[in-house]
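Trainee: give me a 3D structure for the following:
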Amino acid sequence: MDLAVSISTAKARSELILTPILLEIRRKYKNQIGYFSGNTFNVDDSKGLTGACDFILSASSNQSLVTAPVLTLVEAKDNDIRIGLGQCVAQMVAAQIFNARKGVEHKIVYGAVSTGTNWKFLMLENNVVKIDLTEYFITQLNQILGILCEPFKIYFA
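Mentor: Just a heads-up that it's a prediction; the model follows:
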């Protein structure tokens, strides 16, 4: 973590802090979770829901392509979580549409925006976005891991 903070770029924080945390979620669920980094997620051109997501976690062990259900998206931001909230919500809407097209009944999609050291969590249910008012810090790693694990409990309890 010290190295990532010293380098102080979004890429370093993504590679050295976010990736290990997300891979820990995958490990906890015995690699049954799909982990994707920087994948294109073109869902609906007409709504502008196209582009690459920083990180996607799905309740599928398929690592060849993103498959439903997509449960969590994480947007990495360099120093300001607030500027990543809109992009994260757009990605969550895309994931909700993607899941519905694949026949997934569970309609909740989770998101997070992180600088690596600070985390903010979101939830999209139907057409309502809820943003956790608490900003979590890397010193609260157990809470961060718990929040990131929560969406997968209904699939891998």
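Trainee: residue boundaries of the helices in this protein?
Mentor: 2-7, 10-13, 19-28, 82-101, 141-149 (DSSP state H).
Trainee: out of those, nearest to residue 117?
Mentor: Closest approach to residue 117 among the helices of the chain (Cβ to Cβ): helix 2-7, 6.7 Å. To be clear about C-beta, it is placed using only N, CA and C from the backbone, and glycine gets the same treatment.
Trainee: looking at it, residue 155 is touching residue 59, isn't it?
Mentor: Yes. With contact defined as Cβ atoms under 8 Å, residue 155 reaches residue 59; the gap is 4.2 Å.
Trainee: need the residues touching each of these two.
Mentor: 32, 69 (Cβ atoms under 8 Å, 6 or more residues apart in numbering).
Trainee: settle it for me: which of the two has more neighbours?
Mentor: The neighbour comparison of residue 155 against residue 59 (other Cβ atoms under 10 Å) goes to residue 59, with 22 against 15.
Trainee: how about the more buried one, what does it touch?
Mentor: So residue 59 contacts 32, 33, 34, 69, 71, 151, 152, 155, 156 (Cβ under 8 Å, 6+ apart).
Trainee: do that again at 6 Å, thanks
Mentor: Going by Cβ atoms under 6 Å, 6 or more residues apart in numbering, residue 59 touches 69, 71, 152, 155.
Trainee: find the nearest non-adjacent residue to the first one, please.
Mentor: Closest residue to residue 69 apart from its sequence neighbours, by Cβ to Cβ, 6 or more residues apart in numbering: residue 104 at 4.3 Å.
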